[in-house]
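Peer 1: Pasting the sequence and the predicted coordinates here, then a few questions.
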Amino acid sequence: MNRSLMTMALLSAVALVLVSPAPAADSLPPLAGAKAARTLSDLWDDYDPAAEPLHATTVREWRDGPVVCRHVTYRVGTFKGKASTMAAFYAFPAERDGRLPALLHLHGGGQRANLPTVTFAALNGYAALSINWGAKPMPEARPGDPNTDWGAVDATQDGHNSHYASMQPDGKTLDAVPSPRNNNGFLLTLAARRALTFLARQPEVDPARIGVLGHSMGGKLTVAVAGIDGRVVAAAPSCGGAGATPDALAALAGAGLRTRDPWYVATIDDRPYLARLACPLLYVGPTNDFNAPIDAMFANWRHVGSRDVRYAVSPHLNHRHEPEFAVSRFLWFEHYLKGGPALPATPRLAVRLDTADGVPTATVRPDRPGEVARACVYYAVDPHVLTRFWRSAEAERDGSAWTARCPVMGTDRPLYVLASVTYPRTGSLAPHRWLDFTKTNTFAITSEMASFAPADLAKAGVRAADEPSMMIDDFSRPWRDWYRLSWNNPVHWTAATRKLKDPKWRSRPKPEGSSDRLLALDVRTDRPNTLVFRVEVAAWGAYPGMRTMRYVAAKPIEGTGEWKTVTLRPADLQPAEDDTPAEMPGWQYVTQVTLAARGTVERDGHEETLGGKWEGPRAFRNLRWVRDED
């Protein structure tokens, strides 16, 4: 190369260096030595979620009727020299009068940004953002569209699932030493706080009216964001945000609860966020949720910083809600973000143990008693929070209070009591793709839970006023002790109950030389059908040392329109998975029984379907134990 060309090349290289942008500074300063945060203040007090540019972009915009929908991205931050970018769905009504209230939606584990949820919010007069923190492919995306890119760190389940519990360093963590900033929960909370900044800067949004909601992992994030970021005006976590189990609860024999590492509890767990949470807060969850056990939730939520707290707890379900409880979440935002009617106060529940006849009584005093449509009292005697059956007590009204007797079979088990009050719903909400609230004309609010140890019952003089029953359910109160899913779907309908685990209806081991018990049920259908029984054994660690096992049996039903008795022997049940023992260990370990139109069994790695489409109507009565005389 001649001297002239060499000079030109050198000048070009120098010019390139001069015009190339300098690497962006990291959003978070590196740890000084090995000093990591030990408290929530250490973790967050120096962070400003509005300080850095958002670099927000609109990937695509389209209309869905009266709603403007956008696929957007924004900058979460710069970590270890690389940008971290979040993709999301953003929606708002095309026609509006002034600035709108806004909702931040945080999806759960295994899920992704939810377009139907933001569209539903927009149809009801909100601007809404749903972030895609899990980085899964987004619906409506086209080839080449940008998705979430965490850069040098990773807070996803697919790439870094180990770090929802861990604070240890690895190649995808922020810090090179053990630190709560290495936990995925910290990064997700930071990304959600940046999402609040995105919403607050949109021209359609009133930044003084922002709410947060999320389900499961999104529920946990809802508590964290609302607890640490003062821009949140109202929050409604679903099936998440209960907090780690207090030591006293975990120590209860058979509770099925575990404690967490103290460092995790102080920095990542819900408990310190709940203590700082000042905005109105509604918990939406079921009695038997695996992700947010209600025993831990009620224990921890007594220490919530907010003075305005409600509960909406669906009976019998796990990780989902009945519509009249689910709708309370949106009525919550209607009030606090749009000035709609206020929800009634939390019902006051009082349980008296020292009664004249030794039977505990529960009295619920609802707010606005003249508006009450129904008051329900539930009680349970099983310490295991996930497989516990909640008995439905008969509540009788006396003026502005409802009282129910809660008979037990002895004082060797704890007692748990809660109440839900249902009110008529006024106004309307646009339909949601999965939750059609146009069919729900009521909403429900739940009391706090009262709990008593066996020693409390004995000291108060509680007596054994109940006894075992061979009749499990006569269906005189149809489905009150069950939960039903897809009830109007002829293929996927199910009805499930945990009653067989309750000591009142639990089958005892067969005495030597006696006949075994059969499960019997009367069924009526006017067409030939197949009824499938699904039986779960020792689910959720209900019996120490036993693994969860699932069994299935298919029973043909004559379509005569007359009542037919179907009986189920243990030998009728087939293992649902290849690695399940062929013989069910016994009725006494059953944790749930489900009636269904279909079921599946695994055979040598291949799935076989039992049952199928149910034709015509169906009716049931008298689920009971009978003796096998054959």
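Peer 2: On my side now, so go ahead. Residues are numbered from 1 along each chain as shown.
Peer 1: so where is the chain shaky, pLDDT-wise?
Peer 2: Counting by pLDDT under 70, the chain contains low-confidence ranges at 1-24, 509-515, 629-630.
Peer 1: what about the spatially most central residue of it, distance to residue 298?
Peer 2: Closest residue to the average C-alpha location of the chain: residue 239 at 2.2 Å, with CA atoms, centre = their mean. Distance from residue 239 to residue 298, counting by CB to CB, to the nearest Å: 15 Å. Glycine gets a C-beta too; all of them are placed from N, C-alpha and C.
Peer 1: What count of nearby residues applies to the closest residue to residue 256 other than its chain neighbours?
Peer 2: Once flanking residues are discounted, residue 256 sits nearest to residue 384: 4.6 Å by CB to CB, 6 or more residues apart in numbering. Per other CB atoms under 10 Å, the neighbour tally for residue 384 reads 25.
Peer 1: for residue 251, same thing?
Peer 2: 11.
Peer 1: what separates it from residue 104, distance-wise?
Peer 2: The value you get for residue 251 to residue 104, if CB to CB is used, is 37 Å.
Peer 1: same check, this time on residue 357
Peer 2: Taking CB to CB, one finds residue 357 at 52 Å from residue 104.
Peer 1: Settle it for me: which of those two has more neighbours?
Peer 2: With neighbours defined as other CB under 10 Å, residue 357 and residue 104 compare such that residue 104 has more, 30 against 10.
Peer 1: got the CA coordinates for stretch 212-220 in PDB?
Peer 2: Output of stretch 212-220 as PDB, limited to C-alpha atoms (Å, rounded to 0.1, in the frame of the first residue of the first chain):
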ATOM      1  CA  VAL A 212     -51.000  -3.200  38.600                       C
ATOM      2  CA  LEU A 213     -52.400  -6.700  38.300                       C
ATOM      3  CA  GLY A 214     -50.900 -10.100  37.600                       C
ATOM      4  CA  HIS A 215     -51.500 -13.800  38.000                       C
ATOM      5  CA  SER A 216     -49.200 -16.400  39.700                       C
ATOM      6  CA  MET A 217     -45.600 -15.200  39.200                       C
ATOM      7  CA  GLY A 218     -47.300 -12.000  37.900                       C
ATOM      8  CA  GLY A 219     -49.100 -11.800  41.300                       C
ATOM      9  CA  LYS A 220     -45.800 -11.900  43.100                       C
END
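Peer 1: Identify all contacting residues around that stretch.
Peer 2: 103-109, 111, 164, 185, 188, 192, 196, 221-222, 225-226, 232, 234-241, 270, 285, 291-292, 319, 329, 333 (CB atoms under 8 Å, 6 or more residues apart in numbering).
Peer 1: what sits against the nearest residue to residue 150 once chain neighbours are set aside?
Peer 2: Spatial nearest neighbour of residue 150, excluding adjacent residues (CB to CB, 6+ apart): residue 84 at 5.2 Å. By CB under 8 Å, 6+ apart, the contact set of residue 84 is 75-78, 149-153, 191.
Peer 1: Could you rank these by neighbour count and give me the top one?
Peer 2: Neighbour-wise, the contacts of residue 84 (other CB under 10 Å) top out at residue 76, 31 neighbours.
Peer 1: In strands, which of the contacts of stretch 212-220 appear?
Peer 2: Among those, the members found in strands (DSSP state E) are 103-106, 234-238, 285.
Peer 1: Distance to residue 588 added to those, as CSV?
Peer 2: Below are the ones in strands among the contacts of stretch 212-220 laid out as CSV (distance: CB to CB, whole Å):
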residue, distance to residue 588
103, 47
104, 47
105, 44
106, 41
234, 46
235, 43
236, 40
237, 36
238, 34
285, 29
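Peer 1: which one of those residues sits closest to residue 486?
Peer 2: residue 238 (19.8 Å; CB to CB).
Peer 1: So the closest one is in contact with residue 282, correct?
Peer 2: No. The pair residue 238 / residue 282 is not scored as a contact, 9.4 Å apart, by CB atoms under 8 Å.
Peer 1: now the helices: where do they sit in the stretch 401-550 of the chain?
Peer 2: Secondary structure of the stretch 401-550 of the chain by DSSP state H, counting those that start in this stretch: the helices cover 454-460.
Peer 1: and if you look at the stretch 1-150 of the chain?
Peer 2: 3-19, 40-44, 115-123.
Peer 1: Pick the one among the contacts of residue 84 closest to residue 121.
Peer 2: Closest to residue 121, out of all of the contacts of residue 84 and judged by CB to CB, is residue 191, at 19.6 Å.
Peer 1: distance of that closest one from residue 617?
Peer 2: Distance from residue 191 to residue 617, by CB to CB: 50 Å.
Peer 1: what's the answer for residue 486, then?
Peer 2: 16 Å.
Peer 1: Next: residue 484.
Peer 2: Taking CB to CB, one finds residue 484 at 15 Å from residue 617.
Peer 1: okay, those two: which has more neighbours?
Peer 2: Applying other CB under 10 Å to residue 484 and residue 617 shows that residue 484 carries more neighbours, namely 15 against 10.
Peer 1: Spit out the contact partners of the more buried one.
Peer 2: 493-496.
Peer 1: same thing but 10 Å
Peer 2: Neighbouring residues of residue 484 by CB atoms under 10 Å, 6 or more residues apart in numbering: 316-317, 322, 493-496, 595.
Peer 1: Also residue 589?
Peer 2: 500-501, 506-507, 509, 535-539, 542-543, 546, 549.
Peer 1: Looking at these, which are in strands?
Peer 2: Using DSSP E, these in strands are 535-537, 549.
Peer 1: how about stretch 423-437: buried residues?
Peer 2: 423, 425, 429-430, 432, 435, 437 (16 or more other CB atoms under 10 Å).
Peer 1: Run the chain-centre distance for it.
Peer 2: Offset of stretch 423-437 from its chain centre (CA atoms, centre = their mean, to the nearest Å): 20 Å.
Peer 1: same question, stretch 79-92
Peer 2: 25 Å.
Peer 1: And that stretch, what's buried?
Peer 2: Neighbour-count burial for stretch 79-92, counted by 16+ other CB under 10 Å, picks out 79-80, 82-92.
Peer 1: ok, which pair from these is furthest apart?
Peer 2: Across these (CB to CB), the longest gap, 34.9 Å, separates 80 and 92.
Peer 1: Would you map the helices across the stretch 151-300 of the chain?
Peer 2: Using DSSP H, counting those that start in this stretch, helices in the stretch 151-300 of the chain cover 157-160, 184-200, 217-228, 247-250, 262-267, 270-276, 294-301.
Peer 1: and the fifth one, what other elements does it pack with?
Peer 2: When contacts are defined as 3 or more CB pairs under 10 Å, 6 or more residues apart in numbering; DSSP states H and E, helix 262-267 sits against helix 40-44, helix 184-200, helix 270-276.
Peer 1: Reformat the ones you listed as TSV; add distance to residue 57.
Peer 2: Putting the helices and strands packed on helix 262-267 into TSV (distance: least, CB to CB, whole Å) gives the following:
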stretch	distance to residue 57
helix 40-44	27
helix 184-200	11
helix 270-276	31
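Peer 1: Mean neighbour count, those: which tops it?
Peer 2: helix 184-200 (a mean of 23; mean count of other CB atoms under 10 Å).
Peer 1: Where do the domain boundaries of this protein fall?
Peer 2: Domain assignment of the chain by automatic domain parsing yields the ranges 54-214, 348-466, 472-627.
Peer 1: Contacts only, for residue 410.
Peer 2: Contacts of residue 410 by CB under 10 Å, 6+ apart are 381, 454, 457-458, 462-466, 503.
Peer 1: That should have said residue 251, apologies.
Peer 2: So residue 251 contacts 245, 257, 259 (CB under 10 Å, 6+ apart).
Peer 1: Buried ones only from the residues you listed, please, as a PyMOL command.
Peer 2: Command for PyMOL that selects the buried part of those, burial taken from 16+ other CB under 10 Å:
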select buried, resi 245+257+259
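Peer 1: All the strands of the stretch 1-150 of the chain, in order from the start?
Peer 2: Here the stretch 1-150 of the chain has its strands, by DSSP state E, counting those that start in this stretch, at 57-64, 67-79, 82-93, 100-106, 127-131.
Peer 1: Compare the ones you listed and give me the one nearest residue 179.
Peer 2: strand 67-79 (12.8 Å).
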